[in-house]
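>>> Here's my sequence, what's the structure:
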Amino acid sequence: MQLPSEIEARYVLPALRALVAKKLVLEKGFTQEKAARAVGVTQAAISNYIRGVRGFRIYWENNPIVLRHVDKIVELIMSKSDPREIIREFNQMLRELRKAGVLCRLHKNVEPFIDINECSVCFE
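Take a look at the predicted model:
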């Protein structure tokens, strides 16, 4: 049995970090090393994100919640904002994904016995 926080840590955060990292490197001209420092992972992780071998078990490219927050996070990184603001933005994105039931559906894919119609753990 995996807790919702484990689902977030194992599946969601790597995918979200990958989106931020790809945008920083491919669109904003960051080196992999600079993107790694900004996102809080290693350069090797950034390389794997860009090659699509890590962080893309979940595809979020079309989720409006994710796209809005990823753009905001990249903007905060580009403007050298206080790291707490970046953390707040990531956390807000996770709260909105929980509220929208997106994480429930993912949890159901990982733990088939979960009845997402009866579970309200993330909302308590």
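>>> switch to C-alpha atoms for all contacts and neighbour counts from now on
Will do.
>>> Run a quick neighbour tally on residue 2.
For residue 2, the tally of surrounding residues (other C-alpha atoms under 10 Å) stands at 9.
>>> can you pull the contacts of it?
When contacts are counted by C-alpha atoms under 8 Å, 6 or more residues apart in numbering, residue 2 is found next to residue 111.
>>> From residue 79, how far out is it?
If you measure residue 2 against residue 79 using C-alpha to C-alpha, to the nearest Å, the figure is 37 Å.
>>> Next one: residue 58, what pLDDT does it get?
Confidence at residue 58, expressed as pLDDT, is 62.
>>> measure stretch 67-86 end to end?
In terms of C-alpha to C-alpha, the two terminal residues of stretch 67-86 are separated by 15 Å.
>>> quick one: average confidence on it?
Computed over stretch 67-86, the average pLDDT equals 95.
>>> who's in contact with it?
Applying C-alpha under 8 Å, 6+ apart, the external contacts of stretch 67-86 come out as 16, 19-20, 23-24, 38, 60-61, 89-90, 93.
>>> May I see the buried residues of it?
Buried residues in stretch 67-86, counting neighbours by 16 or more other C-alpha atoms under 10 Å, are found at 67, 69-70, 72-74, 76-77, 86.
>>> any idea which of those residues is closest to residue 105?
Proximity of the buried residues of stretch 67-86 to residue 105, judged by C-alpha to C-alpha, is greatest for residue 67, which lies at 18.7 Å.
>>> Which helix or strand contains residue 81?
Taking DSSP states H and E as the criterion, no element holds residue 81; it sits outside all helices and strands.
>>> Could you shift the numbering so residue one becomes 29, and keep it that way?
Taking 29 as the first residue, the last one we looked at is residue 109.
>>> which phi and psi does it have?
Here the main-chain torsion angles of residue 109 (degrees, to the nearest 10) amount to phi -70, psi 160.
>>> Quick check: it vs residue 103, distance?
Shown here: residue 109 relative to residue 103, a distance of 9 Å by C-alpha to C-alpha.
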